[in-house]
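1. Need coordinates for the below:
(chains A and B, ligands or ions: 1)
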Amino acid sequence: MIQVNGRNFTWEDGLTVQRLIELKRYIYPHKIVRINDRIIQEEEYGSTLISSGDDVKVIHLMAGG
Amino acid sequence: MISDEVRTQSNIISEYRYTTGKIDKGYNNRTLYVNVGTGEIREKPVTQMMKDKLIGGKGFGLWYLWNAVTPETRWDDPENEIVISTGPLGGITQYPGAGKSLVVTISPLTGMPMDSNVGGHFGPLLKFAGFDSIELQGKSEEDVIIFIDGNEGIVKIEKSPLKVSDSHLIGEQMAHVFSENEEDKKNVSVVSTGSAAEHAFMGLLNFTFYDARRKKIRMKQAGRGGTGTVFRNKRIKALVVRFRGVNRGLNNPVNQDILNETGVKMHREIHENDAKQNRMREVGTAGLIEIMNAYDLLPTHNFKYGSHRDASKISSEIFKKMVTQNMPDGCWYGCSLSCAKAVDNFELKTGPYKGEKVLVDGPEYENAAGLGANLGIFDPQYVIEGNFYCDTYGIDTISFATTTAFIMECFENGIINREVTGGLDLKFGNREAALELLHQMGRGEGFGKIAGLGVRRLKQIFIEKYGADPGFLNDIGMEQKGLEYSQYLPKESLAQQGGYGLTNKGPQHDEAWLIFMDMVNNQLPTFEDKAEALHYFPMFRTWFGLNGLCKLPWNDIVPADNKKEADPTKVPGHVRNYVSIFYAVTGIQVDNDEIIRQSERVYNLQRIFNVRMGCGRRVNDRVPYRSQGPVTVEEYESRAERYDGQLLELAGFDPEGKTTAEKMAVLRKYREDQYEKLIDAVYERRGWTNNGIPTIKKLKELGMDLPELLAVVEKLQ
Ligand code: SF4
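-> Numbering: from 1, shown residues only, chains lettered A, B, ... in the order given. A predicted model of the protein is given here:
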């Protein structure tokens, strides 16, 4: 299990940031990803592995509409 | 095309000559009053109190309206006014999004003050013609045109020679008549509405601007709340302003350099980042369709669901191919965000202009989401056609869509049938029926005429005439305070339920859009967090309406390093820009806190205005259950995993082995209870009583303890 934006999410082996974004359908382009408070750059989404128990934040920068 | 007879002396009802002046630090320090009933035209001074406490724009509009009406005034009484104002920053050309006008009137839908923010060139040209606002009062006995000639310093009320009734033609003809030649059309802006505003309560106002590249008249809409209906009720056919000589210094700012530098920085940022962020220059706001669909927020079938398998058929990629690319689509000079997209040479398939090739301003997100997804019609050609006709008939697309969605759900539930609709098969997905309803609204005929009254009145009619269950209709009728919801699904975001429900004018998202912060990011976990957001964002967004600004350049583009800011959702870099340009124009140094206080003053004035008109209390802030949770079994079961999970985790109720009806009842109780707690927290944060009345203490803190306001709230503390 991991935390995504403070809510439980099932972890799977080899889970990358990219995969998580796909699973969650987080298609909005402008967002900040942090794993345990460390910012992950967009270029690293595909190569950054998420470990079980990690606290992941995917903050969508949208106060729009 | 009509001839130039409109200019002849014999058509003039009254005339007023004034001395054209010079703007001082963003203000003319005078406004224009026109009474179409008596023919009176005069100037009014802007007082220091107005500038200090109300700033401009919506602040001026509300103040004039407050002084014009009584608690008994109805929307169609002669004393009701339409006030159109810019603000001190309105008309600057250096910074994007500075051409907005704010329209204020007592709404036929809500019976309260309505405010609507609109682009186009009218507001800035009115300002350069010499006036910070225009008040339109009275009721004429015949159709009239009001013409403000900012070149010569003349204001006239004239008999209208117009034979046409729809805005795209009125705009074109008036621009032709009141300009000297094609080149001069850029100096003219026309406000009008269309044929539907004669009958429908959801009439809008179109504000034109001349697109020099296309050599065409374009239109932006003051959509919400029936401003066009009031305009037609006063029998104003067109309001025209002409001013030659727009230039970057006309506001006489105190510091032109700061204005230039801040503007250049912003243009560079848009140029470098828009393609990577929201692609406003490519697709405008329509880019939101696929995003809202992916996050289960795109209303479909009268806000039942938040996504649909066919949504890709009306996605921005489709519209991108339809709107003309690489055009300078700013709705005022200097807006490099250029989101005012247009479809050129669109051939109409239905209605009175069938076969004609027209320019369609749009589609914006609201058009596509409302006319398309919410009616279950995933056809981009139809969306553009509906967009055109809504605008030219003078119908608010949002209210039309939400009303039609409500009608369709009633139709599918057997509450009404073909007999009631005059044969229209108003099922979800029926494009032809939706368009015919729109044309009937334009003609003021048949069921379309009834539909034009909006959801609140339709509920009453369906209950009284067709025996509908009031509970069900109140649950599914997506209106609050009489205004139809705009096109976002707030069910899964308590904060956005408040973002819609705890507004002054009714459920329009321009005060607060918190769905991502709340539902997706989970950044507002407590009631206090939500209340803080429902204080800060509505106040911050109000500020745009005080100054003649567009909200979009605040957060539909953000600095590349915004991620590094402590509170990136507020886009602090842009807030600093606004502090700079407010100083650069007015010479008044403010900070972020003072921006919020400036807005709070006007926000509280509007709330008290609502109270004065018999609304503005806790009971008026409650919302239909469709906006809070699943009304029907099919809604619940479509997202059963989500709702079952919430029952267990949040409501402490084990859904195992329970019927859907039992689970729905518990979920409803839980969610309605949460909303009440949210109201408590928000009222406290805003400095209001438990019944939603601004406290005297709060008014004193804000310097808004004006005798008129105290007289309303004192007895309600
Ligand atoms: S961002 Fe769009 S709506 Fe706002 S001023 Fe610019 S063009 Fe007009």
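
2. first to last residue in stretch B:343-357, what's the distance?
-> 10 Å (Cα to Cα, to the nearest Å).

3. Please read the previous query as pertaining to stretch B:36-45.
-> For stretch B:36-45, the first-to-last residue distance is 20 Å (Cα to Cα).

4. Which residues of chain B lie near the ligand?
-> B:96-97, B:99, B:119, B:330-332, B:335, B:337-340, B:550, B:552-553 (Cβ under 6 Å from any ligand atom). In this view, the C-beta of every residue, glycine as well, is placed from N, C-alpha and C.

5. quick one, what contacts the closest residue to residue B:292 other than its chain neighbours?
-> Using Cβ to Cβ, 6 or more residues apart in numbering or on different chains and skipping residues adjacent in sequence, the residue nearest residue B:292 is residue B:298, 3.9 Å away. Contacts of residue B:298 were listed using Cβ atoms under 8 Å, 6 or more residues apart in numbering or on different chains, and they are B:289, B:292, B:306-308, B:311, B:369, B:373, B:487, B:489.

6. Show the backbone phi and psi for residue B:154.
-> Note on residue B:154: its backbone torsions stand at phi -130, psi 140 [degrees, to the nearest 10].

7. Quick one: distance of the lowest-mean-pLDDT helix or strand in chain B to the chain centre.
-> Here the helix or strand of chain B ranked lowest by mean pLDDT, DSSP states H and E is helix B:280-283, holding a mean of 88. Taking Cα atoms, centre = their mean, to the nearest Å, one finds the center of helix B:280-283 at 20 Å from the center of the full chain.

8. And for stretch B:64-72?
-> 22 Å.

9. send the alpha carbons of that stretch over as PDB?
-> Provided in PDB are the C-alpha atoms of stretch B:64-72 (Å, rounded to 0.1, in the frame of the first residue of the first chain):
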ATOM      1  CA  TYR B  64     -25.600  52.300  -8.200                       C
ATOM      2  CA  LEU B  65     -28.100  49.400  -8.300                       C
ATOM      3  CA  TRP B  66     -28.500  49.500  -4.600                       C
ATOM      4  CA  ASN B  67     -29.300  53.200  -4.800                       C
ATOM      5  CA  ALA B  68     -31.700  52.700  -7.700                       C
ATOM      6  CA  VAL B  69     -34.000  50.000  -6.300                       C
ATOM      7  CA  THR B  70     -36.000  49.100  -3.300                       C
ATOM      8  CA  PRO B  71     -36.500  45.600  -1.700                       C
ATOM      9  CA  GLU B  72     -39.800  45.500  -3.700                       C
END
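
10. And the strands in the stretch 51-200 of chain B?
-> Using DSSP state E, counting those that start in this stretch, the strands found in the stretch 51-200 of chain B span residues B:82-85, B:101-106, B:113-118, B:133-137, B:144-149, B:154-159, B:188-192.

11. Surely residue B:456 is in contact with residue B:478?
-> No. Between residue B:456 and residue B:478 there is no contact under Cβ atoms under 8 Å: 10.5 Å.

12. Compare these two and say which one has the larger neighbour count.
-> residue B:478 (27 against 20; other Cβ atoms under 10 Å in any protein chain shown).

13. Distance of residue B:269 relative to residue B:607?
-> Plainly put, residue B:269 is 35 Å away from residue B:607 if you go by Cβ to Cβ, to the nearest Å.

14. For chain B, which residue gets nearest to chain A?
-> residue B:513 (3.3 Å; Cβ to the nearest Cβ).

15. For the ligand, see how far away that residue is.
-> From residue B:513 over to the ligand the distance is 15 Å, taken as Cβ to the nearest ligand atom, to the nearest Å.

16. Repeat that for residue B:528.
-> For residue B:528 relative to the ligand (Cβ to the nearest ligand atom), the value is 33 Å.

17. cool, and residue B:478?
-> In terms of Cβ to the nearest ligand atom, residue B:478 sits 25 Å off from the ligand.

18. next one: phi and psi at the nearest residue to residue B:455 once chain neighbours are set aside?
-> In this structure, residue B:455 finds its nearest non-sequential neighbour in residue B:479, 4.0 Å apart by Cβ to Cβ, 6+ apart. Dihedral pair for residue B:479: phi -130, psi 150, per degrees, to the nearest 10.

19. Neighbours of residue 56, how many?
-> If you meant another chain, say so; for now it's chain A. By the criterion of other Cβ under 10 Å, residue A:56 has 21 neighbours.

20. oops, I was thinking of chain B
-> For residue B:56, using other Cβ under 10 Å, the count is 28.

21. Residue B:132 is in contact with that one, correct?
-> Yes. Between residue B:56 and residue B:132 there is a contact at 6.2 Å, judged by Cβ under 8 Å.

22. Residues that sit against both of those two, list them.
-> B:27, B:85-86.

23. Of the residues you listed, grab the buried ones for PyMOL.
-> Those of the shared contacts of residue B:56 and residue B:132 that count as buried under 16 or more other Cβ atoms under 10 Å in any protein chain shown are selected in PyMOL with:
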select buried, chain B and resi 27+85+86
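
24. And the shared contacts of residue B:56 and residue B:132, which is closest to residue B:651?
-> residue B:85 (47.1 Å; Cβ to Cβ).

25. Close to chain B: what parts of chain A are there?
-> Proximity of chain A to chain B, by Cβ under 8 Å from any Cβ of the partner chain, involves residues A:5-7, A:25-30, A:32, A:39, A:57-65.

26. Take those residues and keep only those in strands.
-> Within the residues of chain A next to chain B, residues falling in strands by DSSP state E are A:7, A:32, A:39, A:57-60.
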